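Colleague: What follows is a predicted protein model with its sequence.
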Amino acid sequence: QVPRAPSQPLAGSESRRFTSKHSKKALKASLTLGILLGMFFVAWLPFFVTNVAQAVCGCVPAGFFDVLTWLGYCNSTMNPIIYPLFMRDFKRAMGKFLPCCRRAGEPRPSAISLSMRNSNSGPRAATSLKNVL
């Protein structure tokens, strides 16, 4: 018998579940990243190729160049659509702030609570809104 080294992972069903869960998350993250990069290349690559062609030969019509420029700008419009479709955490975060996406029983966080949450200082003794203003 050879003793198992402590660095070796457990060979049980728990180990397989852990690996399976993380591989699914990695696959989903790779898919989202692939879609985002694919949309970026589809939107901006024609613009950059045409830009180089315009610099070399000057044979690109101005209207076509404008269309390709706006195609690139549309990529920025696609990102807020792609992120909620593929990322559950993004949906949850946006749902807290957008009134159309908020659940009925969920209150909207106030600016003060967000500020206190992000300040890392926590609640201060004897500090109120009247004292701050």
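Modeller: Thanks, I have the structure now. These numbers were taken from a predicted model, which means no experiment stands behind them. Numbers count the residues shown, from 1 in each chain.
Colleague: For stretch 20-36, list every residue counted as buried.
Modeller: Thr32, Leu36 (16 or more other CB atoms under 10 Å). All C-beta atoms are positioned from the backbone trio N, CA, C, and that covers glycine.
Colleague: ok, residues contacting that stretch?
Modeller: Asn79, Ile82, Phe86, Met87 (CB atoms under 8 Å, 6 or more residues apart in numbering).
Colleague: Please report how far the first one lies from Thr32.
Modeller: Taking CB to CB, to the nearest Å as the measure, Asn79 and Thr32 are separated by 11 Å.
Colleague: ok, back up a step: in helices only, show me the contacts of stretch 20-36.
Modeller: The helices, defined by DSSP state H, take in Asn79, Ile82, Phe86 from the contacts of stretch 20-36.
Colleague: So the second one versus Trp70, what's the distance?
Modeller: Ile82 sits at a distance of 18 Å from Trp70 (criterion: CB to CB).
Colleague: Report the mean confidence score over stretch 96-113.
Modeller: The pLDDT scores in stretch 96-113 average 64.
Colleague: Could you dump the contacts of stretch 20-36 into TSV and include neighbour count and distance to Val42?
Modeller: Formatted as TSV, the contacts of stretch 20-36 follow (neighbours: other CB atoms under 10 Å; distance: CB to CB, whole Å):
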residue	neighbour count	distance to Val42
Asn79	11	13
Ile82	15	12
Phe86	15	17
Met87	15	20
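Colleague: Which of those sits closest to Pro99?
Modeller: Nearest to Pro99 among these is Met87, at 20.5 Å by CB to CB.
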